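Participant: what's the 3D shape of this:
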Amino acid sequence: MAIARFKDLSLGAGDPARLGAFWAAVLCRTWEAQENGDGLLRGPTPQHTVPAVAPLVEAGATVLREPGGDIHWHVLADSEGNEFCALSE
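Facilitator: Model (predicted):
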């Protein structure tokens, strides 16, 4: 059983289309711009797992810190510099 799950994820962005396209590519979704400047990520499933860091980097993420010592995850930045962490198999 999952400890937590996302229902919705909301991100502030200077360039919503650019950031939306990044997360759509990372999560294998499509980006749908809305008339009000916001957008939605759509996909065939309610969740998606990212099992490797390489696709994140290929989509435009920057690796800020590799796992090492007591840290077991990668610290990355999205296309606008927002930091996030990813565990890899």
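Participant: which stretches of the chain aren't confidently modelled?
Facilitator: 1-9, 46-50, 88-89 (pLDDT under 70).
Participant: in the chain, which residue is closest to the centre?
Facilitator: What sits nearest the mean C-alpha location of the chain, by CA atoms, centre = their mean, is residue 23, with 4.5 Å.
Participant: Tell me where the chain has helices.
Facilitator: With helices called from DSSP state H, the chain shows them at 16-26, 54-58.
Participant: Distance of the residue lying farthest from the centre of the chain relative to residue 85?
Facilitator: Counting by CA atoms, centre = their mean, the extreme residue of the chain relative to its mean C-alpha position is residue 69, 24.6 Å from that point. As for residue 69, its distance to residue 85 is 15 Å (criterion: CB to CB, to the nearest Å). Backbone N, C-alpha and C define where each C-beta goes, glycine included.
Participant: Next: residue 17.
Facilitator: Taking CB to CB, one finds residue 17 at 25 Å from residue 85.
Participant: the strands in the protein, which residues?
Facilitator: Counting by DSSP state E, residue ranges of the strands within the chain are 30-33, 39-42, 62-65, 74-77, 83-86.
Participant: Redo these as a markdown table? Include mean neighbour count and distance to residue 56.
Facilitator: Formatted as a markdown table, those follow (neighbours: other CB atoms under 10 Å; distance: least, CB to CB, whole Å):
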| stretch | mean neighbour count | distance to residue 56 |
| --- | --- | --- |
| strand 30-33 | 14 | 16 |
| strand 39-42 | 14 | 15 |
| strand 62-65 | 13 | 8 |
| strand 74-77 | 17 | 6 |
| strand 83-86 | 14 | 6 |
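Participant: among these, which is nearest residue 12?
Facilitator: Distance to residue 12, taken as CB to CB, is lowest for strand 39-42 among the strands of the chain, at 12.6 Å.
Participant: Would you pull up how far that closest one lies from the middle of the chain?
Facilitator: Computed by CA atoms, centre = their mean, to the nearest Å, the chain-centroid distance of strand 39-42 equals 13 Å.
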